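In: The amino acid sequence is not available; the structure is as follows:
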């Protein structure tokens, strides 16, 4: 609101409706999240957002609407995240963050990979997964799922890679790797025991008319859960 008609484009408003002052962004103070991707170990809640480029941490599972997180990591958001055991990984665009212990106390990540791991240069990371055998990254622009033996360090080259079109988010339960292929409207499932560069899906779920731009396929406890965005 302006108390008088502004006479130049740089004029600042005198007050704001719905905020305590003109410099307060209520999207931030109310922790409004865009493109949130949740993960939980059953005790705590972790939500990454590529749009906000933030990771929100709740030490305990929230039990009311509008609950505020205990910690917010600015710059550690991503398209995808994965919890395996007590580890947390977040990946998106050209960055990967890994905590060896779930960061319920605001701990810094143990590993940060910016732009590359070994001979792999990130182009557009959309998916991350890990299990007791492999660590996986999906690069949508490269059309590759890179597979490392265990958690990599900065100089680790992948063991092999899978060539897949229309890549999106990843999920692993240690038995199957689920690869979401959003623009293919499907979720491809790979057997981890026989996984190699030449592996083909043991099943492909969905397809045009069945799914419409699915954002995420998650394998857990012997089941597959799919967030089918286009069909709501």
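Out: Happy to help now that I have it. Keep in mind that this is a model prediction, so the values were computed, not measured.
In: which residues does residue 178 bridge with?
Out: With DSSP bridges as the criterion, residue 178 is bridged to residue 171, residue 189.
In: got the contact list for it?
Out: Contact partners of residue 178, counting by CB atoms under 8 Å, 6 or more residues apart in numbering, are 170-172, 187-189, 217-219, 224. No exception for glycine: its C-beta is placed from N, CA and C like everyone else's.
In: next one: residue 168
Out: Under the contact definition (CB under 8 Å, 6+ apart), the residues listed for residue 168 are 79, 126-127, 138, 140, 179-182, 214-216.
In: And it, how far from residue 14?
Out: Remark: distance between residue 168 and residue 14 (CB to CB, to the nearest Å) = 46 Å.
In: my read: residue 167 touches residue 125, true?
Out: No. Residue 167 lies out of contact with residue 125 (CB atoms under 8 Å); the separation is 9.5 Å.
In: For residue 56, give me its contacts.
Out: Contacts here follow CB under 8 Å, 6+ apart; on that basis residue 56 touches 31, 33, 36, 46-49, 69, 71-73.
In: Output the residue ranges of the helices in this protein, listed in chain order.
Out: Counting by DSSP state H, the chain has these helices, from start to end: 26-29.
In: Residue ranges in it under the pLDDT threshold?
Out: Low-confidence segments of the chain, defined by pLDDT under 70, are absent; every residue clears the threshold.
In: tell me, what residue is most central in it?
Out: Computing the C-alpha centroid of the chain and ranking residues by CA atoms, centre = their mean puts residue 80 first, at 1.4 Å.
In: so how far is residue 17 from that one?
Out: With distances taken as CB to CB, residue 80 is found 37 Å from residue 17.
In: Could you do residue 96 as well?
Out: When residue 96 is compared with residue 17 (using CB to CB), they lie 41 Å apart.
In: Between the two, tell me which one has more neighbours.
Out: Taking residue 96 and residue 17 together and counting by other CB atoms under 10 Å, residue 96 has the greater number of neighbours (24 against 6).
In: Now do the contacts for that one.
Out: 78, 89-90, 111-113, 117, 122, 125, 128, 137.
In: nearest to residue 152, of those?
Out: In terms of CB to CB, no member of those lies closer to residue 152 than residue 117, at 5.2 Å.
In: Does residue 109 touch residue 98 like I think?
Out: Yes. The pair formed by residue 109 and residue 98 meets the contact definition of CB under 8 Å, at 6.0 Å.
In: Tell me, how many residues neighbour the nearest residue to residue 203 once chain neighbours are set aside?
Out: In space, residue 203 comes closest to residue 189 once its chain neighbours are excluded; the distance is 4.6 Å by CB to CB, 6 or more residues apart in numbering. Using other CB under 10 Å, the number of residues around residue 189 comes to 19.
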